[in-house]
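Chemist: pasting the structure only:
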């Protein structure tokens, strides 16, 4: 799971979006369904907090 961040412009204003998704395509689909026509000005993808916690827990078990 990843946390995606993006700054989009919807024709009226810029909006900062953060959303957890599994894939780039899932995030694109989310943006399209929630905001319709938009321009993505910037985006970022990082591991989600829950994924980082799972990795940390797995390392402790080892």
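Modeler: Sure thing, it's come through. Being a predicted model, the structure only gives us computed values, none of them experimental.
Chemist: Sticking with residue 32, tell me its helix or strand.
Modeler: Assigned by DSSP states H and E, residue 32 belongs to helix 24-35.
Chemist: helices or strands up against that helix?
Modeler: Packing partners of helix 24-35 (3 or more C-beta pairs under 8 Å, 6 or more residues apart in numbering; DSSP states H and E): strand 2-9, strand 14-21, strand 39-47. Backbone N, C-alpha and C define where each C-beta goes, glycine included.
Chemist: same thing but at 7 Å, please
Modeler: strand 2-9, strand 14-21 (3 or more C-beta pairs under 7 Å, 6 or more residues apart in numbering; DSSP states H and E).
Chemist: By mean pLDDT, point me to the weakest helix or strand of the chain.
Modeler: Between all helices and strands in the chain, the lowest mean by mean pLDDT, DSSP states H and E belongs to helix 49-61, at a mean of 90.
Chemist: and the angle from that helix to strand 14-21?
Modeler: 40 degrees (axes from the mean of the first three to the mean of the last three C-alpha atoms, to 10 degrees).
Chemist: Give the other helices and strands that helix 49-61 contacts.
Modeler: Helix 49-61 packs on no helix or strand, going by 3+ C-beta pairs under 7 Å, 6+ apart.
Chemist: contacts for that helix?
Modeler: Outside of helix 49-61, the residues within contact range by C-beta atoms under 7 Å, 6 or more residues apart in numbering are residue 1.
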